[in-house]
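Peer 1: sequence-free structure coming up:
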């Protein structure tokens, strides 16, 4: 059985000034946040705005998860998604996408230390979660 499908999209947005790009970024964020609860099969959605301030970074990232590949395929032609794409068409200057089968059980749960490594104490004295 295949696990959930993670759909990640990153955009560079238009704007001549920092303020114009900031407004475009906020518009993208608000538009995709408006899809929460409106698309069947979309189980999670997170929209982030870049804080790196490097010239080669994307401005906005969408990290979403779908129960099945069929749900992701249906999302591509969902009326609400098409409305958002149309609404934002003039704002994007570049778009990058990756879709993959999520192997971790919890969204965003990534083990950051080797499984045989000793527990790492927290600065306040407690062990990290799960220890």
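Peer 2: On my side now, so go ahead. None of the values given here were measured: they were computed from a predicted structure.
Peer 1: element containing the closest residue to residue 87 other than its chain neighbours?
Peer 2: With Cβ to Cβ, 6 or more residues apart in numbering as the criterion, residue 87 has its nearest non-adjacent residue at 5.8 Å, and that residue is residue 31. For the C-beta atoms, the positions are set from N, CA and C on the backbone; glycine is no exception. Per DSSP states H and E, residue 31 falls inside helix 18-33.
Peer 1: Tell me which other helices or strands that helix touches.
Peer 2: Applying 3 or more Cβ pairs under 8 Å, 6 or more residues apart in numbering; DSSP states H and E, one finds that helix 18-33 contacts strand 5-13, strand 42-49, strand 60-66, helix 79-88.
Peer 1: Report the buried residues of the second one.
Peer 2: Yep, that's strand 42-49 we're talking about. 42, 45, 47 (16 or more other Cβ atoms under 10 Å).
Peer 1: quick one: contacts for the closest residue to the second one other than its chain neighbours?
Peer 2: Of all residues beyond its chain neighbours, the one nearest residue 45 is residue 64 (4.5 Å), with distances taken as Cβ to Cβ, 6+ apart. Each residue near residue 64 by Cβ atoms under 8 Å, 6 or more residues apart in numbering is listed here: 6, 7, 8, 42, 44, 45, 46.
Peer 1: again, 7 Å this time
Peer 2: Residues in contact with residue 64 (Cβ atoms under 7 Å, 6 or more residues apart in numbering) are 7, 42, 44, 45.
Peer 1: Give me the neighbour count for the closest residue to the third one other than its chain neighbours.
Peer 2: Using Cβ to Cβ, 6+ apart and skipping the chain neighbours, the partner closest in space to residue 44 is residue 65 (4.2 Å). Residues contacting residue 65 under the criterion other Cβ atoms under 10 Å number 21.
Peer 1: Please apply the same query to residue 72.
Peer 2: 19.
Peer 1: How about the secondary structure of it?
Peer 2: At residue 72 the chain is in helix, as set by DSSP: H, G, I helix; E, B strand; the rest coil.
Peer 1: Does it touch residue 4 like I think?
Peer 2: No. Using Cβ atoms under 7 Å, residue 72 is not in contact with residue 4, being 9.4 Å away.
Peer 1: Right, I'll call it a day here.
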